[in-house]
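In: Need coordinates for the below:
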Amino acid sequence: MGKACLLLLLLKTCGIQMEEEPRSHHDWETQWKGNTTQFSSEAWKQRLPQSIIIGVRKGGTRALLEMLSLHPQVAVANSEMHFFNLDENYNKGLSWYSQQMPISHSGQVTIEKTPGYFSSLKAPERIHAMDSSVKLLLIVRDPVERLVSDYTQILHNRKAQHKPYQSLEQILLKNGRELNTRYKAMQRSLYALHLARWLEFFPRTQIHVVDGGGLIREPLSEMSQVERFLGLEPYLGPDNFYFNQTKGFYCLQARGHQHCLDQSKGRPHPAIDELLLEQLCTYFSEHNENFFAMVGRTFNWC
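Out: Numbering: from 1, shown residues only. Below you'll find the model as predicted:
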């Protein structure tokens with residue numbers, strides 16, 4: 001097969017006219033699989049990612065990655081690499097990093113996700129040094145909900161390890177009144193602050209913002225936007241998602257198999273005092289407005 005055909009593989013199959021109407025994702029998958037069998041084994045290897053889910057922590061990064069994994073043009077790294085935010089890993093070099101990636105074909109997009117990247121001081125510059133054209137995915141949710149979810153995960157881990165823990169109110173309120181804005185989970189919810197660092201190295205057009213709340217309510221709509229951003233063929237359809245009444249959120253299905261996120265997702269959150277909730281919403285409001293202005297869209301938060 002000639003080089004021109006290889007370059008056009010994801011847009012059209014060599015010798016076949018592009019259809020005006022979108023094909024069904026089942027038809028497209030069949031055609032994709034048929035094409036990939038024509039390539040030699042040398043075409044399959046571990047590659048540096050062309051896209052990275054940079055965060056946010058407890059924003060829905062695992063759900064986003066697993067939904068993307070359904071697409072045949074996507075190869076995902078199942079483990080969080082923490083390569084660009086931890087010196088001990090970054091010092092191992094890009095060769096080590098690429099060896100942690102899944103085996104993929106040149107026509108596929110390799111994606112890894114590490115939520116810790118978004119709030120990292122070093123990650124933006126380091127990722128830019130690796131590949132200035134990499135496409136970044138940022139999934140966000142209501143910063144107060146994200147904060148509580150962050151605390152809930154830490155609380156669960158401390159209980160499992162039989163370690164002492166404080167209530168969220170004890171952590172967040174100094175002297176019972178003033179907000180403890182230095183709490184790490186609070187800092188992680190300051191989206192505008194962190195995004196500003198990324199925009200020093202990447203144009204806004206290279207960062208796609210996914211609505212974490214929208215991904216829960218209408219996953220197909222959000223994922224269609226992600227497909228377009230990554231330059232993928234439209235593939236995901238309504239039959240890839242089904243609502244699980246027991247869990248209270250959408251689960252995935254493909255090729256006759258159904259899959260829900262693990263038990264760590266969707267844990268019940270502790271109740272928050274209404275006055276504290278109001279304090280948090282007031283504190284985040286200005287930061288949220290700054291973030292809305294930066295990304296050119298608004299979210300129904302607080």
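
In: which stretches of the stretch 1-150 of the chain form helices?
Out: 3-7, 25-36, 61-69, 87-90, 93-99, 123-130, 143-160 (DSSP state H, counting those that start in this stretch).

In: Likewise for the stretch 201-302 of the chain?
Out: Using DSSP H, counting those that start in this stretch, helices in the stretch 201-302 of the chain cover 212-217, 219-230, 274-295.

In: So for the last one, what gets flagged as buried?
Out: Right, the one you point to is helix 274-295. 279-280, 283-284, 288, 291, 294-295 (16 or more other CB atoms under 10 Å). Placement of C-beta: from N, CA and C, glycine included.

In: can you put those residues in TSV and add distance to L136?
Out: Shown next, in TSV, are the buried residues of helix 274-295 (distance: CB to CB, whole Å):
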residue	distance to L136
Q279	32
L280	27
Y283	27
F284	23
N288	20
F291	15
M294	14
V295	12
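
In: before we move on, the earlier item: dump the helices of the stretch 201-302 of the chain to a markdown table, plus distance to E112 and mean pLDDT.
Out: Converted to a markdown table, these look like this (distance: least, CB to CB, whole Å; pLDDT from 0 to 100):
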| stretch | distance to E112 | mean pLDDT |
| --- | --- | --- |
| helix 212-217 | 19 | 93 |
| helix 219-230 | 14 | 97 |
| helix 274-295 | 22 | 96 |
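
In: Rebuild these as TSV, extending it with distance to I103.
Out: Listed next are the helices of the stretch 201-302 of the chain as TSV, based on distance: least, CB to CB, whole Å:
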stretch	distance to I103
helix 212-217	28
helix 219-230	19
helix 274-295	34
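
In: between those helices, which gets nearest to P143?
Out: Proximity to P143 (CB to CB) singles out helix 274-295 among those, at 4.8 Å.

In: Pull the residues that contact that closest one.
Out: When contacts are defined by CB atoms under 8 Å, 6 or more residues apart in numbering, helix 274-295 is touched by residues 140, 143-144, 147, 168-169, 172-173, 179, 181, 189-193, 195-196, 199, 204, 209, 272, 298-299, 301-302.

In: ok, of the buried residues of helix 274-295, which one's closest to A43?
Out: When the buried residues of helix 274-295 are ranked by distance to A43 (CB to CB), V295 comes first, at 36.9 Å.

In: Please report the distance of that closest one from S132.
Out: 20 Å (CB to CB, to the nearest Å).

In: What segments of the stretch 101-250 of the chain are strands?
Out: 103-105, 109-113, 135-140, 173-174, 178-179, 207-211, 241-244, 249-254 (DSSP state E, counting those that start in this stretch).

In: Nearest to S221 among those would be which one?
Out: Among these, strand 207-211 sits nearest to S221 (CB to CB), with 9.1 Å.

In: what's the spacing between the closest one and its chain's center?
Out: Mean-position distance between strand 207-211 and its chain equals 9 Å (CA atoms, centre = their mean, to the nearest Å).

In: partners of it in the sheet?
Out: Paired strands of strand 207-211, with direction, are strand 135-140 (parallel) (DSSP bridges).

In: contact partners of the partner strand?
Out: 50-56, 59-61, 64, 111, 113, 118, 127, 146, 191, 195, 198, 202, 206-212, 215, 226, 229-230, 291, 299.

In: how about L261, what does it touch?
Out: Per CB under 8 Å, 6+ apart, neighbours of L261: 62-63, 66, 249, 251.
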